[in-house]
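A.B. asks: I need the structure of the sequence given here:
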Amino acid sequence: MNPAAQLPLDLGHRTAMGGEDFLVTPSNADAVAWLDRWPSWPAPALALFGPDGCGKTHLGHVWRARSRAVVAQGADLDTAGLPDLLAPANAVVVDDADRVAGSPAREEALFHLYNLARDSGGHLLLLSRIAPARWRVRLPDLRSRLRAAPAVGVEPPDDALLAAVLVKIFADRQLHPGVEVVSYLLARMERSLDAARRVVAAMDHASLAAHRPVTVPLAREVLAALERAKAAAPGKSG
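C.D. replies: Just a heads-up that it's a prediction; the model follows:
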């Protein structure tokens, strides 16, 4: 039996322009609903915020595929290049947008980018770890713009989303573990989409290297090895 059919995955599967696939679950449903409203947003900008690994960057790529937006980094915003950012599609994804806070030059750049988008009928998608209301922005005009923009949180992935992502990544690698493997991983792995990719990649490598099937014992060994590697990484105490 297909392992996906053995898991309780009553999820809405979506394919966006550009081939970006994503799954709709309670953890990201509000964000997806707001992206679906584009270009009828009530403000020139929409902010998606949530912890690392929650999937907000992937949703940003989904919107980029629909809008043909340019991707910029908050830490690299510069007033000199703003017209070039908007010129291709009148849409920009600003990743790590909270990185502008505390830098007068970057805050000024985001303020002017917002105004350019507003004046030209364009849109900005701001991705950040925390809500814009919590950014330590010093520029009053930028604070007022951010307050006017809707902000929606993306929650850490729930079991349904993590299970579906694991099954998909395994299938992309031509691996089809049983439901017991996916259930074992769900109960023990770090709860992020990035971690799901790392775990599956490590299991694929271990399976090929040892000529072993993808089973719970292999999953146990791989998770233990990843934990040891994390503990031994620079900056980690023993």
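A.B. asks: ok, so what distance separates residue 172 from residue 196?
C.D. replies: 12 Å (Cβ to Cβ, to the nearest Å). Where C-beta positions appear, they are placed from N, C-alpha and C, glycine not excepted.
A.B. asks: Those two - which one has more neighbours?
C.D. replies: residue 196 (26 against 11; other Cβ atoms under 10 Å).
A.B. asks: who's in contact with that one?
C.D. replies: Residue 196 is in contact with 162, 165-166, 169, 189, counting by Cβ atoms under 8 Å, 6 or more residues apart in numbering.
A.B. asks: quick one, helices of the protein?
C.D. replies: If DSSP state H is used as the criterion, the helices of the chain fall at 3-6, 29-37, 56-67, 82-86, 104-120, 140-148, 159-172, 179-188, 193-210, 216-232.
A.B. asks: ok, of these, where does mean pLDDT dip lowest?
C.D. replies: Among the helices of the chain, helix 3-6 carries the lowest mean pLDDT, at a mean of 38.
A.B. asks: Got the domain ranges for this structure?
C.D. replies: 28-153, 157-232 (automatic domain parsing).
A.B. asks: gap between the two ends of the first one?
C.D. replies: Domain 28-153 has its terminal residues 8 Å apart, counting by Cα to Cα, to the nearest Å.
A.B. asks: Can you report how many residues neighbour residue 134?
C.D. replies: Neighbour count for residue 134, taken as other Cβ under 10 Å: 13.
A.B. asks: what does residue 169 give?
C.D. replies: That count, for residue 169 with other Cβ under 10 Å as the rule, works out to 19.
A.B. asks: contacting residues for the closest residue to it other than its chain neighbours?
C.D. replies: Leaving aside its chain neighbours, residue 169 sits nearest to residue 200 (4.4 Å; criterion: Cβ to Cβ, 6 or more residues apart in numbering). When contacts are counted by Cβ under 8 Å, 6+ apart, residue 200 touches 166, 169-170, 173, 175.
A.B. asks: And for residue 173?
C.D. replies: 200-201, 204 are the contacts of residue 173 under Cβ under 8 Å, 6+ apart.
A.B. asks: From residue 214, how far out is it?
C.D. replies: For residue 173, the distance to residue 214 - Cβ to Cβ - is 9 Å.
A.B. asks: Also residue 100?
C.D. replies: 43 Å.
A.B. asks: Same check on residue 118?
C.D. replies: 51 Å.
A.B. asks: With neighbour numbers in mind, choose between those two.
C.D. replies: A count of neighbours by other Cβ under 10 Å puts residue 214 above the other of residue 118 and residue 214, at 19 against 16.
A.B. asks: from memory residue 192 sits against residue 155, does it?
C.D. replies: No - judged on Cβ atoms under 8 Å, residue 192 makes no contact with residue 155 at a distance of 11.7 Å.
A.B. asks: any shared contact partners between those two?
C.D. replies: residue 54.
A.B. asks: follow-up on the earlier one: need the residues touching each of residue 173 and residue 214.
C.D. replies: residue 204.
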